[in-house]
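Trainee: I would like to see how this sequence folds:
(chains A and B)
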Amino acid sequence: MSDFPAVNSASVVAEAAFAEHMASWPRMPAWLAEAKREARKRFAELTMPTRKQEAWRFATVSNLSCDGFTLARGEASLAASVEPVVTCGGCLDFADDFHAGGKPLDPELAEKGVIFLPLDAALRAYPEFVRKYLFGHMPNLGSEKFEALHMAMFRSGVFLYVPKNVEVTLPLAALHEAVRPNAGLFPHTLVVADENSSVTLVEVFRSRDANLAHFACAASDLVALPGARISRRLIQSWSDSSLAFHLGSSTADRDSSIDSISLHLGGGHVRAEEHGRIVGRGGNVQMHSLAVATGSREIDQRTLQTHLACDGKSDLLYKNVLTDKARTIFAGLIRVDELAQRTDAYQTNRNLLLSPDAEASSLPGLEILANDVKCSHGMTTGQLDADQMFYLLSRGIPRKEAEKLMVFGFFEEVLSRMGNEELSAYAGGLLEKRMGAAG
Amino acid sequence: MSCELPNSQEALAKDAQAKALDIERNVGNFRYDTSYDLDAGKGLSEKTIDFICNAKKEPDWIRDFRKKALKIFNEKHMPGEWASADLKNIDFDRISYYMAKGRQTRSWEEVPEEVKKTFERLGVPEKERAFLAGVEAQFDSESSYSNMKEDLAKQGVIFVTSSEGLMKYPEIFRPWFGKVIPIGDNKFSALNSAVFSGGSFIYIPKGVKLKQPLQAYFRINAEEMGQFERTLIIADEGAEMMYMEGCTAPQYETSSLHSAVVELVALKGAKIQYVTVQNWSSNVFNLVTKRGMAMEDAQIRWIDCNIGSRLTMKYPAVVLRGEGARGEVLSIALAHDGQHQDTGSKMIHVADRTTSNIISKSISIGKGRATYRGMVSIPSHLKHCKNNTECDALLINDNSRTDTYPAIVVKGEGNSVQHEASVSKVSEEQIFYMRQRGIPEAEAMSLAVNGFVNDLVREFPMEYSVELRRLIDLEMEGSVG
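Mentor: You can find the predicted model right below:
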């Protein structure tokens, strides 16, 4: 797609790009401008990651250069009218970080006080309210420099607030598309679910043209207040030449639960960080991920489950399929504070190697400071099971078909937790396409 | 090595090798002039190295080796952010790197009460107690060892100190020395390479299968228990052997840094088992590098039990270099108040069809902290390698701590690994069941903990496993309630 010629300008990490970003946001609240300037300063001060740092062990840090990516300048003309991927109660469509359309929030929900707005609009409409939660939590799992960049450069994203006792039955959706060549995006997602409310947010991140390179530094902050339930689905298919950061945080208060599923299908180099915190008694955080690493893709996943309160639960399941020369790194830690007695925490990482040149690294970790806990982690890396293959072959199923069945069996464990058939089918279709392309 | 000894025990030694052994055992008493300054003093410099080389009358290649190591030690950084911050408290300038006289001794009265109590409970013989407590510099085990020594010599087995090995058997010693663990492997292996003294050199000839384990215990002397032991064991093709070091009794040490290097070489089809049981006093930094190299169809098995110390960092490794080689680590760690057991294992696969197995169990009592740290690596050109890792941690008190930090990298065809770790406390149902049958709570806890490590303890030689169980009972005392 050559409708959008690349704009010659400074790299997204340059001071000039920051100045341009600040100038392009008229009437930015003073506190936000101040926070952004501080973040910019922090970004400049922090050094680029090196492999010697534990948080970047095994990662190809030379992939992290942002040179050549320029500030996304989204505008109305970039809008593409697409149907949301699921039947939803409202959808926000972004093109190059610009709110370019979508489906308005169900008026019934709006009446109940649900706020579902582009983040910049929310900042205009409810500045003090958004301020209270904005940048409350970042994952802090090694990408602090890029967190600072995100904070300095973010322009929009999703703001979702669900008031007390409101249950949003249909999912809400958002589409973040990178459009122009070399565009650098900073989508921010902030979800606050007030006491005893519930909501599901489906977010799709993708490059509109798979042949263009993009840079995405996305961050999300999910906050579940006592008794609330948040489900978040993230489906990412950036182009193969893209560099992407997905920095996620989930914070569960008393008796609340947050369940997230991330599907990583694209990107050239993807750094995914996810930090689940249990801050109130009985909080429950579920973190799932399915990554398809094809070609020479590198998917670098760092997770942390922090238990700060007692009776909490957390469960993590990260599954990776690797083909060709792809690499995946899973580094996960469960940290149980001294006070977090009666914690149940689990962590599982499974890597399926479909090529002898693919490489899966795994660093599952535990730090347990309380004794009355049930914690475990498990990881496996291996090939398709030979006995299972034999079984299928002996029943006359061609090898190719058998392989496909077994790989989809591997996916199923995560797909079945989607909790939405439409979405599972959509994700399954994307996976099939992805695996087909991998041969 | 030709000085004659007035000792009448020498009558028993019939061949030169055995004779050499006895001479070596008496090093602290006879080899050096008393007019000589026997202590290299504190701090580490080229002068220290020269002092050690002169005192030990070492050949020049060792002097060069030590000096090179010193240079690397000075250049090398301390372990990175992953390691315990407590390492910063080691003051290298305040350590004595070589004492020809061996350990300093003290009077029985100076030995702490709890150490004496432990000896009592473990049933350590009177003679050994004095040695272990540091009252005697030497432990005479001549009577138990002499028969075995003869038998070994007949089979061509070499079992001497590393100092003797490098001087008397350079043609066997030198090709492997520092090859499994290069000087610059880490800061502490460099330190050991610069100042090592003591430790064993063992060579088992082709096809010789030793029925009895070789024990460092048999030939403990001043040097043997040195701070910077260096052990090299070579099992020639098809040979089989088991080596045992340490004991369950606490060793009360005046020196605070122990940094040993142990290299094992198992040639084609050879089997080596290396058993360690250590129980350091809680002022000791125990920073050890242990690695074995297993050639075609060879097997190396580390059986490791770590108790006590302020900080232990020990990750026995096996480099699986020949096709069909097997590596195994079985490890038990027990961390009490103020102790940090940072142990684990490394399995480096570099040949096809190699397999490895790691089983680690740790127990944290009081404010003790047990850490498992592991590395399993299977690179891309390999086929059909397997690794299995299991780490289980038991936390006794509500302020006990455990960590697990494995790293697993897998590439290649038909390779598979699995890793599992779990953390739990002693089950209340178990305790309830035992109490209901009239077993006091403390005893029930001990039983439960012994049950937790039971399948590993069984792998230890008989006398160790009995002592180990008693020791666990002892460590558990006062930890309940």
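
Trainee: for chain B, what are the nearby residues on the stretch 301-439 of chain A?
Mentor: Within the stretch 301-439 of chain A, the positions adjacent to chain B are A:338, A:341, A:351, A:353, A:356-383 by CB under 8 Å from any CB of the partner chain. Every residue, glycine included, has its C-beta placed from N, CA and C.

Trainee: filter those residues to the buried ones?
Mentor: A:341, A:351, A:353, A:356-371, A:373, A:375-383 (16 or more other CB atoms under 10 Å in any protein chain shown).

Trainee: So residue A:199, which state does it fall into?
Mentor: strand (DSSP: H, G, I helix; E, B strand; the rest coil).

Trainee: That one bridge partners, please.
Mentor: residue A:230 (DSSP bridges).

Trainee: close enough to count as contact, it and residue A:191?
Mentor: Yes. The criterion here is CB atoms under 8 Å, and residue A:199 meets it with residue A:191 at 7.2 Å.

Trainee: anything in contact with each of these two?
Mentor: A:160, A:230 (CB atoms under 8 Å, 6 or more residues apart in numbering or on different chains).

Trainee: which of those two has more neighbours?
Mentor: Using other CB atoms under 10 Å in any protein chain shown as the criterion, residue A:199 and residue A:191 rank with residue A:199 on top: 28 against 25.

Trainee: how far away is that one from residue A:221?
Mentor: 14 Å (CB to CB, to the nearest Å).

Trainee: for residue A:385, what are its contacts?
Mentor: Per CB under 8 Å, 6+ apart, neighbours of residue A:385: residue A:406.

Trainee: Just the pLDDT at it, thanks.
Mentor: Per-residue confidence (pLDDT) for residue A:385: 90.

Trainee: same deal with residue A:378?
Mentor: Reading off the model, residue A:378 has pLDDT 92.

Trainee: Now it: closest residue in space that isn't a chain neighbour?
Mentor: In this structure, residue A:378 finds its nearest non-sequential neighbour in residue B:420, 4.5 Å apart by CB to CB, 6 or more residues apart in numbering or on different chains.

Trainee: Run a quick neighbour tally on that neighbour.
Mentor: 16.

Trainee: what residues does the lowest-mean-pLDDT helix or strand in chain A touch?
Mentor: Across the helices and strands of chain A, mean confidence by mean pLDDT, DSSP states H and E is lowest for helix A:421-438: a mean of 88. Around helix A:421-438, the neighbours that count as contacts under CB under 8 Å, 6+ apart are A:85-87, A:171, A:202, A:233, A:235, A:237, A:263, A:265, A:290, A:292, A:294-295, A:321, A:323-324, A:354, A:404, A:407-408, A:411, A:415-416, A:418.

Trainee: Sort out for me which of the residues you listed are in helices.
Mentor: A:404, A:407-408, A:411, A:415 (DSSP state H).

Trainee: Just the helices from the chain, written as ranges.
Mentor: In the absence of a named chain, chain A is used. Ranges of helices in chain A, per DSSP H, are A:15-23, A:30-45, A:107-111, A:119-125, A:127-133, A:144-153, A:386-394, A:399-415, A:421-438.

Trainee: meant chain B, my bad for not saying
Mentor: B:16-25, B:27-30, B:46-56, B:60-75, B:113-122, B:126-132, B:142-154, B:162-168, B:170-176, B:187-195, B:428-436, B:441-457, B:462-476.

Trainee: of all these, which lies closest to residue A:70?
Mentor: Ranking the helices of chain B by proximity to residue A:70 (CB to CB) places helix B:60-75 first, at 43.5 Å.
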